[in-house]
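Colleague: I would like to see how this sequence folds:
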Amino acid sequence: MAARPLTEPHPSRLSPGHPERERILAAHAAALAAGEAGYLDPASGLFVLSAGFLARRGTCCGRGCRHCPYVSD
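Modeller: Below you'll find the predicted structure:
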């Protein structure tokens, strides 16, 4: 796993300048705290897997998940 907290996505997956970043991170934090598999993206309404769920899977699937805990610098 990458050396960053599960709450912080890699910048290549969610840029610091993304216009919905704060809302996305809040929704993700709520999903992590509740132990949920993911959350509904505030902008698109699509289901996004949480870093906690992805970490429990044990490996990266290679599909470019927003909160992939395995993507490193």
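
Colleague: how many neighbours does V48 have?
Modeller: Residues lying near V48 (other C-beta atoms under 10 Å) number 20. (Each C-beta comes from the backbone N, C-alpha and C, glycine too.)

Colleague: show me what secondary structure element comes after the helix or strand hosting it.
Modeller: Here V48, judged by DSSP states H and E, is contained in strand 47-49. Using DSSP H and E, the helix or strand that follows strand 47-49 towards the C-terminus is helix 51-57.

Colleague: just the mean pLDDT for the strand holding V48, thanks.
Modeller: Mean per-residue pLDDT for strand 47-49: 98.

Colleague: longest helix in the protein, please.
Modeller: helix 21-34 (DSSP state H).

Colleague: tell me which residues are up against it.
Modeller: By C-beta atoms under 8 Å, 6 or more residues apart in numbering, the surrounding residues in contact with helix 21-34 are 6-7, 9, 14-15, 18, 36-43, 48, 50-52, 66-67.

Colleague: for it, list every residue counted as buried.
Modeller: Across helix 21-34, burial judged by 16 or more other C-beta atoms under 10 Å covers 24-25, 27-28, 31-32.

Colleague: contacts for whatever helix or strand comes next after that helix?
Modeller: Once the chain leaves helix 21-34, the next helix or strand it forms, by DSSP H and E, is strand 38-40. Outside of strand 38-40, the residues within contact range by C-beta under 8 Å, 6+ apart are 27-28, 30-31, 46-50, 53.

Colleague: ok, now stretch 50-60?
Modeller: Residues contacting stretch 50-60 (C-beta under 8 Å, 6+ apart): 1, 6-7, 9, 28, 31-32, 35-39, 65, 67-71.

Colleague: perfect, I'm done here.
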